[in-house]
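K.L.:
Fold the following and give me the result.
(one chain, ligands or ions: 1)
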Amino acid sequence: MPPLRTERLVLRQWQDDDLRPWAAMNADPEVREFFPTVLNQQEAADSIAYFRRELAERGWGWWAIEESATGLFVGMAGLDPVDEELPFKGVEAGWRLARWAWGKGYATEAARAVCEYGFTQLHLPEILAIAAAGNVRSHAVMRRLGMTHDPADDFDDPTAPAGPLRHSVRYRLRNPHG
Ligand SMILES: CC(C)(COP(=O)(O)OP(=O)(O)OC[C@H]1O[C@@H](n2cnc3c(N)ncnc32)[C@H](O)[C@@H]1OP(=O)(O)O)[C@@H](O)C(=O)NCCC(=O)NCCS
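P.N.:
Numbering: from 1, shown residues only. A predicted model of the protein is given here:
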């Protein structure tokens, strides 16, 4: 599985030494503000094992992101079928970066590459993005990608705990290649 390259980033298979920065960013309450909990070390390791297996078996999923200039681990971005418990079907794009990597355009840059992969390699007719209604930074990435939002698509996420994380938005991007 060759990596996806952008101007400043490499999206690649996960490596053992990603665990340390991945665990650190998922223990950061600011990164996890719109998730139910932070992750402990074991949960972080389990998630890497899952992402790695999925990328190896299917060829696409949640890629690790590395900064080309430094080789530093930045976070993850990718594509996945939406959770079966959600009230609609489709493939969603997603992103999660270490706090130091926010504010540089990295999430949008990685997400563009991921969506391009989904449209040209997987021939997806449409890519979705889902976030808690309060996660305005993530909504801004969706808009930068050219995604559109119809408030009628908003929904309550049954996989989220009751409370402010449950109400969610759904953005959509049509395949520009037809
Ligand atoms: C959501 C998240 C990925 C957004 O990251 P981000 O860095 O704000 O998003 P972008 O990559 O689009 O970067 C845009 C910012 O970089 C700035 N920027 C700086 N240099 C830039 C460049 N060369 N090119 C583009 N933008 C640049 C933009 O001006 C913008 O700044 P602003 O936030 O002050 O308006 C990040 O906040 C995150 O990881 N959050 C925690 C996890 C999470 O909630 N994930 C989503 C779950 S649905």
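
K.L.:
So the residue nearest the centre of the chain versus Met142, what's the distance?
P.N.:
Nearest to the mean C-alpha position of the chain, by Cα atoms, centre = their mean, lies Gly94 at 2.1 Å. Noted for Gly94: a distance of 10 Å to Met142, by Cβ to Cβ, to the nearest Å. Where C-beta positions appear, they are placed from N, C-alpha and C, glycine not excepted.

K.L.:
burial of Thr120, as a residue count?
P.N.:
For Thr120, the number of neighbouring residues by other Cβ atoms under 10 Å comes to 12.

K.L.:
picking that back up, check contacts around the residue nearest to the centre of the chain.
P.N.:
Gly94 sits next to 62, 76-80, 129-130 when contact means Cβ atoms under 8 Å, 6 or more residues apart in numbering.

K.L.:
need these in JSON lines with secondary structure and distance to His149, can you?
P.N.:
Supplementary listing: those in JSON lines, determined by DSSP: H, G, I helix; E, B strand; the rest coil; distance: Cβ to Cβ, whole Å:
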{"residue": "Trp62", "secondary structure": "strand", "distance to His149": "23"}
{"residue": "Met76", "secondary structure": "strand", "distance to His149": "23"}
{"residue": "Ala77", "secondary structure": "strand", "distance to His149": "20"}
{"residue": "Gly78", "secondary structure": "strand", "distance to His149": "21"}
{"residue": "Leu79", "secondary structure": "strand", "distance to His149": "19"}
{"residue": "Asp80", "secondary structure": "strand", "distance to His149": "20"}
{"residue": "Ala129", "secondary structure": "strand", "distance to His149": "9"}
{"residue": "Ile130", "secondary structure": "strand", "distance to His149": "11"}
